[in-house]
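[1] For reference, the sequence and a predicted model appear below.
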Amino acid sequence: MNIENKKTPNFKGYSPLLSGNNDPNGKGDLQEGFEFGWEALDDKGGGNARQEDGVLAGANVWPPELPAFRVRKLLFPIFALALDIDENFFEDKTRHSAALMRIIHYPDQEGRTDEGVIGIGAHTDWECFTILWQQPGIQALQVLNAQKEWIEAPPIPGTFVVNLGDQLARWTNDVFKSTVHRVINKSGSRRYSIPLFFGTDYNVRLEV
Ligand SMILES: O=C(O)CCC(=O)C(=O)O
Ligand SMILES: [Fe+2]
């Protein structure tokens, strides 16, 4: 696999099972991983884009057979087409997108009765959309539907949840509404989730 991180110049990419062996007394580490970091930012003219990245400088590598790995690049054109505007409308507005990933641990709250203390209270996300990975097998995420009822959004193996955020709602005059959601983890076990929040470049005006 040519995206293997031992073959890239900047440590980014895929590390297969048993490719590492941290303990010299061991025979190999039973884990695989994928390393990524800052993209090489566009050179704004000085010729020194992200020089401070040292050995990590340079583009990420992504599996060519999995274009959805760069889901953001796919989602913005899909929203544009759904809005009946040019497919590339968001292209020059999302070059350095405000993007933040969280890794969240929710302790189990089985038996807790305080309705005011839940995993994450009802809210909408702020950006354009959130791509959310949920730990398989644990139901905890709920979404408020148009009838104002909380419905479950269970993890479906091999899929992400995409929540729409306030920025996209504002920009589209609520053609796309932001999703009200919350998390209550009464599963009996701890739960992990990983949301990736995606907005646009900071200086973009919300206009069409
Ligand atoms: O953990 C989840 O499923 C959702 C997390 C979330 O809504 C958030 O961090 O904004
Ligand atoms: Fe959220």
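    Arrived safely, thanks for sending. Ligands and ions are numbered 1, 2, ... in the order given.

[2] I'd like to know how many residues surround the residue lying closest to Val183 once chain neighbours are set aside.
    Among residues not flanking Val183 along the chain, Gly119 sits closest, at 3.6 Å (C-beta to C-beta, 6 or more residues apart in numbering). To be clear about C-beta, it is placed using only N, CA and C from the backbone, and glycine gets the same treatment. Under the neighbour criterion other C-beta atoms under 10 Å, Gly119 is assigned a count of 20.

[3] Skipping adjacent residues, who's closest to Gly28 in space?
    Going by C-beta to C-beta, 6+ apart, Gly28 has Leu18 as its nearest residue, at 3.7 Å.

[4] Pull up the gap between the one you found and Thr8, please.
    Separation of Leu18 from Thr8 (C-beta to C-beta, to the nearest Å): 19 Å.

[5] Please say which of the two ends up with more neighbours.
    The neighbour comparison of Leu18 against Thr8 (other C-beta under 10 Å) goes to Thr8, with 17 against 12.

[6] isn't the more buried one right next to Val61, touching?
    Yes. Contact criterion C-beta atoms under 8 Å: Thr8 and Val61 qualify, at 5.6 Å.

[7] Point out where the protein drops to low pLDDT.
    For the chain, the stretches with pLDDT under 70 are 1, 39-53, 65-72, 112-113, 208.

[8] check contacts around Glu91.
    Applying C-beta atoms under 8 Å, 6 or more residues apart in numbering to Glu91 gives the contacts Phe76.

[9] Same check on Thr179?
    Thr179 neighbours (C-beta under 8 Å, 6+ apart): 124-125, 143-144, 163-164.

[10] Looking at the residues you listed, spot the one nearest ligand 1.
    Of all the contacts of Thr179, ligand 1 sits closest to Asp125, with 5.2 Å by C-beta to the nearest ligand atom.

[11] what's the closest non-adjacent residue to Phe160?
    Excluding its sequence neighbours, the residue lying closest to Phe160 (C-beta to C-beta, 6+ apart) is Ile131, at 5.0 Å.

[12] in which helix or strand would I find the one you found?
    Counting by DSSP states H and E, the element that carries Ile131 is strand 129-134.

[13] Within the sheet, what are the partner strands of that strand, with directions?
    Strand 129-134 pairs in its sheet with strand 161-164 (antiparallel), strand 191-198 (antiparallel), by DSSP bridges.
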